[in-house]
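Visitor: no sequence for this one, just the structure:
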């Protein structure tokens, strides 16, 4: 294989500064280290400029290798064949498609599937042959460097294998829902959300609406091929979510960040794209934009009734004898019933109003399934409790993701010890480009007892990135507590190394911001009346993401585009518990519990991305075959988020009161 002088210099410097990029098993025999593409297949023989094309190929390796790049190009077949066989300088129409970046290559044959966007500005349609170049920058030292290129125009074949490209639709947009990912495919219709024995109304004027909690969480990945519509058009494109009930698709409610209410659609909430800055000799390596759209979906009351009653209609009386004709949400008898008939199709649709005229309308729908159960919102136990689990995950692990995990419990102790208790546990794992950490963990508990005074008190601990940030406990007969504190914190994550295009990039990222708590509690034990009251912000926080990026080697450079807020959140937990006790007769009289949980969360908003500068090969003809005869300067932007906010919502997560007479 012929190599240019420039590539040789580039390889040497990159290996020296990046530690070689790709890695090999140190125990491998150097004579076994060899990588080559042995075949390329096209699922379809035609493709459209500006739109995606799928390729399957086989990569053969003599050893296990890590971080391997394979570049793909297409070359105009007729123009190439028209060149004089000895012409080693003339350039024909050719395009770099992209890079398949492979984390681990196994020994033997590795079958790979890739999906690239053909350039929108292709000058000519017609037949193009495909070129694959393994380890384009020689980051892996191989036993044979002369078999790193593979062409579907190889003269050894009886006929060329070509891709027929049309430029007719290069100016036509195509919007695709590539996937939807649900955080949990089990949906619990919980009486903490609403009670179907009544007709609750979602009061949208309430600062923290109660009947508005989402039942289905996740995200959709939306791809835009061809020309990207204007910002005004993007803002007008709507997504809808539906569930299949009683033979028909029924609209679900979608949280709209801008209107701060549930609607039957949602928009993508994208920020405007900045102008691309290029040097005079650079061209942009444009990739198909991919946008993460949050799914925060609520099942309306009427639809929930139809779901539960539809399940009941599928069963005979012998299946669940305890059931009446109509199942009330929260009825524990419904559990057995729903176990057998609880699978429902859901789907997400985009641009249902046809604001954009598209190349293909059939890929505007993505379907999945959920399993729906009806269970009480509180759990039975030997004591009297109000409990609530709450998990809210936003974003995508391979980009940026934040997850709030909460458990709260307020209760009466009525066995051997008589008293009132409250406990809250909150944590937040997060991800940046698959690297994860626990931003914080909070554990806060209070108790008051009439017959175990040493157990009256509180204990609070806070961890930040696994290190103890705050810890306090105090136990006495009667306590009034008021405490506020905030910390400015910064913490780096482990470095991420990956390919962006053909460039090995090392990204250093972390979070910085403010973490605060506000704790207020009254614990008292009058002779026969333990009282507990707490009102805590756990936490009150704001954290932004920072990042820096670097590559090694002459001609390579990279940098972050980061102005992204990970999370703004105030989680308020209010609990009140009282117990009346007659010490003369050792008899419990009455007990009351109240728990309110409110959350004000705005997460993942702003811009976060990277750019890299690099060179791709220029292909010429000599002795009848293509060979790399130079380089072209490229700049590539990779946007993970350009969003006004994935999620921005105030909601009452729990508002429940109970009383008992003993």
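Guide: The structure has been received and is ready for your questions. For clarity, every value in this text was computed on a predicted model and none was experimentally measured.

Visitor: bridging residues for residue 541?
Guide: Residue 541 has these beta-bridge partners by DSSP bridges: residue 515, residue 569.

Visitor: My understanding was that it contacts residue 567; is that so?
Guide: Yes - at 6.8 Å, residue 541 counts as touching residue 567 under the criterion of CB atoms under 8 Å. In this view, the C-beta of every residue, glycine as well, is placed from N, C-alpha and C.

Visitor: separation between residue 564 and residue 368?
Guide: Between residue 564 and residue 368 the distance is 28 Å, computed by CB to CB, to the nearest Å.

Visitor: more crowded one of the two?
Guide: Shown here are residue 564 and residue 368; by other CB atoms under 10 Å, residue 564 has more neighbours (23 against 15).

Visitor: where does the stretch 551-662 of the chain have low pLDDT?
Guide: 552-555 (pLDDT under 70).

Visitor: thinking again about what came up before, of residue 541 and residue 567, give the one with the bigger neighbour count.
Guide: Ranked by neighbour count (other CB under 10 Å), residue 541 and residue 567 place residue 567 first, with 26 against 23.

Visitor: quick one, what contacts the more buried one?
Guide: 402, 404, 428, 430, 541, 542, 543, 601, 602, 603, 604 (CB atoms under 8 Å, 6 or more residues apart in numbering).

Visitor: So what does it have for phi and psi?
Guide: phi -160, psi 140 (degrees, to the nearest 10).

Visitor: what's the nearest residue to it if we skip its chain neighbours?
Guide: residue 603 (4.5 Å; CB to CB, 6 or more residues apart in numbering).

Visitor: The one you found is in contact with residue 644, isn't it?
Guide: No - between residue 603 and residue 644 there is no contact under CB under 8 Å: 11.8 Å.

Visitor: Those two - which one has more neighbours?
Guide: Between residue 603 and residue 644, counted using other CB under 10 Å, residue 603 has the larger neighbour count: 27 against 16.

Visitor: Work out for me the element the more buried one sits within.
Guide: strand 587-622 (DSSP states H and E).

Visitor: List the residue ranges of the protein that fall below the pLDDT cut-off.
Guide: 1-29, 86-90, 154-160, 190-212, 311-341, 374-383, 552-555.

Visitor: what sits against the residue nearest in space to the middle of it?
Guide: By CA atoms, centre = their mean, the chain has its centre lying nearest to residue 396, at 1.3 Å. Residues in contact with residue 396 (CB under 8 Å, 6+ apart) are 181, 219, 221, 292.

Visitor: Just give me the closest of those residues to residue 640.
Guide: residue 292 (8.1 Å; CB to CB).

Visitor: Correct me if wrong: the closest one contacts residue 399.
Guide: Yes - the criterion here is CB under 8 Å, and residue 292 meets it with residue 399 at 6.4 Å.

Visitor: Which neighbours do those two have in common?
Guide: residue 641.

Visitor: how much distance is there from the helix or strand hosting residue 132 to the middle of the chain?
Guide: In this structure, residue 132 sits in strand 126-134 according to DSSP H and E. Remark: strand 126-134 is offset 33 Å from the chain centroid, using CA atoms, centre = their mean, to the nearest Å.

Visitor: same thing with stretch 465-474?
Guide: 30 Å.

Visitor: And stretch 259-276, by the same measure?
Guide: 17 Å.

Visitor: for stretch 573-583, same thing?
Guide: Centroid displacement of stretch 573-583 relative to its chain, using CA atoms, centre = their mean, is 42 Å.

Visitor: ditto for stretch 358-374
Guide: With CA atoms, centre = their mean, you get 18 Å for stretch 358-374.

Visitor: Could you give me the buried positions within it?
Guide: Under the neighbour-count criterion of 16 or more other CB atoms under 10 Å, stretch 358-374 has 358, 359, 363, 364, 366, 370, 372, 373, 374 buried.

Visitor: would you list every one of the strands in the stretch 201-350 of the chain?
Guide: 216-225, 238-245, 248-251, 253-256, 261-263, 266-267, 282-284, 290-298, 343-350 (DSSP state E, counting those that start in this stretch).

Visitor: a helix runs through residue 31, doesn't it?
Guide: Yes - secondary structure of residue 31 (DSSP: H, G, I helix; E, B strand; the rest coil): part of a helix.

Visitor: Now it: closest residue in space, sequence neighbours ignored.
Guide: residue 143 (5.1 Å).

Visitor: That neighbour reaches residue 34, doesn't it?
Guide: Yes - taking CB under 8 Å as the definition, residue 143 is a contact partner of residue 34 at 4.9 Å.

Visitor: Touching both of those two, which residues are there?
Guide: Joint contacts of residue 143 and residue 34 (CB under 8 Å, 6+ apart) are residue 62.

Visitor: Which one's more surrounded, those two?
Guide: residue 34 (19 against 14).

Visitor: how far away is the more buried one from residue 68?
Guide: 12 Å.

Visitor: show me what contacts residue 226?
Guide: So residue 226 contacts 50, 51, 120, 169, 170, 171, 172, 173, 174, 359 (CB under 8 Å, 6+ apart).

Visitor: Which one of the residues you listed is nearest to residue 416?
Guide: residue 174 (68.2 Å).

Visitor: any idea which helix or strand carries the residue lying farthest from the centre of the chain?
Guide: In the chain, residue 584 marks the outermost C-alpha relative to the chain mean, sitting 59.3 Å out by CA atoms, centre = their mean. Under the criterion of DSSP H and E, residue 584 resides outside all helices and strands.

Visitor: Just give me the neighbour total for the closest residue to residue 633 other than its chain neighbours.
Guide: What sits nearest to residue 633 in space, not counting adjacent residues and going by CB to CB, 6+ apart, is residue 282, at 4.6 Å. When neighbours are counted by other CB under 10 Å, residue 282 registers 14.

Visitor: What's the first helix or strand after the strand holding residue 603?
Guide: Next along the chain after strand 587-622, taking DSSP H and E as the criterion, comes strand 625-643.

Visitor: residues of the host helix or strand of residue 487 that come out buried?
Guide: Take DSSP H and E as the rule and residue 487 turns out to sit in strand 479-492. The neighbour-count check on strand 479-492 (16+ other CB under 10 Å) flags 479, 481, 489 as buried.

Visitor: Residue 171 falls within a helix, correct?
Guide: No - assessed with three-state DSSP, residue 171 is coil; it does not lie in a helix.

Visitor: Dihedrals phi and psi, it?
Guide: Given degrees, to the nearest 10, the pair of backbone angles that residue 171 has is phi -100, psi 20.

Visitor: separation between the closest residue to it other than its chain neighbours and residue 291?
Guide: Nearest residue to residue 171, sequence neighbours excluded (CB to CB, 6+ apart): residue 227, at 5.8 Å. Per CB to CB, residue 227 is found 15 Å from residue 291.

Visitor: who's more crowded, the two?
Guide: More crowded of residue 227 and residue 291, by other CB under 10 Å: residue 291, with 21 against 14.

Visitor: List the contacts of that one.
Guide: With CB under 8 Å, 6+ apart, residue 291 has these contacts: 221, 222, 223, 224, 268, 270, 642, 643.

Visitor: Name whatever forms a beta bridge with it.
Guide: Beta bridges link residue 291 to residue 222, judged by DSSP bridges.

Visitor: Can you give me the distance of it to residue 54?
Guide: For residue 291, the distance to residue 54 (CB to CB) stands at 21 Å.

Visitor: For residue 591, list the residues it contacts.
Guide: 384, 412, 414, 420, 577, 578, 579, 580, 659, 660, 662.

Visitor: separation between it and residue 662?
Guide: Residue 591 is 7 Å from residue 662, by CB to CB.

Visitor: intersection of neighbour lists for those two?
Guide: residue 414.
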